[in-house]
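let me see the structure of the following:
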Amino acid sequence: TAPLAPSTPISSHVPIVPNDEVVSQLVNTLMRDGKKARAQRLISDSMKHLSKKIDNNSDPYTVLLEAIETASPLLKLSSTKKGSKVVHVPTALRDRQRRRRAIVWMLDASKKRGEKSFEERFAAEVYDVSQGVSSVLQKKQQVHKQALANRANAQVSYNTQR
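The predicted model follows:
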């Protein structure tokens, strides 16, 4: 009988992306037409570019998670009608909603960059957020400023039990 061929992993081209809730949310947000492996590869390649930018001893995924956390807004402004006026009401966001907004903002900001490939643009955007010089952070500040200006419209439920 012929010797068996050495076993190779079937999906050897699929890059290693940590099985993390935030990273999987990023991959799923980036995914188009159900092509998850492609989205994972893009994120993996972006992290390779990012690891070249940052100092060698820190993990690019840690930098990514910190950048997403930094860019995440605490509130959103939703419009409601009070009488004939439209008022903006600041509403708290849950963790997943906060991350989603940060991810979408970072992806949008990376589209406007000058680098050649998506991987380079996204890595540069993550790096800029981690350094505190990204337009995403200005967007977050703007949302928070508007929420602060409209805080009078927030319906606060006071707890009557003592």
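
so which residue is smack in the middle of this structure?
With distances taken as Cα atoms, centre = their mean, I103 lies nearest the centre of the chain, 2.2 Å away.

look at K48 and report its pLDDT.
The score at K48 is 91. That number is its pLDDT.

you'd agree A92 is up against L77?
No. The criterion here is Cβ atoms under 8 Å, and A92 misses it with L77 at 11.5 Å. Every residue, glycine included, has its C-beta placed from N, CA and C.

what about the strands in this protein?
Using DSSP state E, the strands of the chain run over residues 75-82, 85-92.

need those in JSON lines (columns: mean neighbour count).
Formatted as JSON lines, the strands of the chain follow (neighbours: other Cβ atoms under 10 Å):
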{"stretch": "strand 75-82", "mean neighbour count": "13"}
{"stretch": "strand 85-92", "mean neighbour count": "14"}
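
got TSV for the ones you listed, with mean pLDDT and distance to S117 too?
Formatted as TSV, the strands of the chain follow (pLDDT from 0 to 100; distance: least, Cβ to Cβ, whole Å):
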stretch	mean pLDDT	distance to S117
strand 75-82	90	32
strand 85-92	91	37
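
so which of the ones you listed is nearest E120?
strand 75-82 (30.5 Å; Cβ to Cβ).

what angle do the closest one and strand 85-92 make?
Relative orientation of strand 75-82 versus strand 85-92 (axes from the mean of the first three to the mean of the last three Cα atoms, to 10 degrees): 150 degrees.

in PDB, list the C-alpha atoms belonging to strand 75-82.
Provided in PDB are the C-alpha atoms of strand 75-82 (Å, rounded to 0.1, in the frame of the first residue of the first chain):
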ATOM      1  CA  LEU A  75     -24.000  58.100  23.900                       C
ATOM      2  CA  LYS A  76     -26.000  58.600  20.800                       C
ATOM      3  CA  LEU A  77     -28.400  61.300  19.900                       C
ATOM      4  CA  SER A  78     -31.900  60.200  18.900                       C
ATOM      5  CA  SER A  79     -34.500  62.600  17.600                       C
ATOM      6  CA  THR A  80     -38.000  62.800  19.000                       C
ATOM      7  CA  LYS A  81     -40.800  65.200  18.700                       C
ATOM      8  CA  LYS A  82     -41.900  67.400  21.600                       C
END
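
I'd like the distance between D108 and S134.
Here D108 is placed at a distance of 11 Å from S134 (Cβ to Cβ, to the nearest Å).

neighbour-wise, which of the two wins?
Neighbours were counted for D108 and for S134 using other Cβ atoms under 10 Å; S134 has more, 23 against 13.
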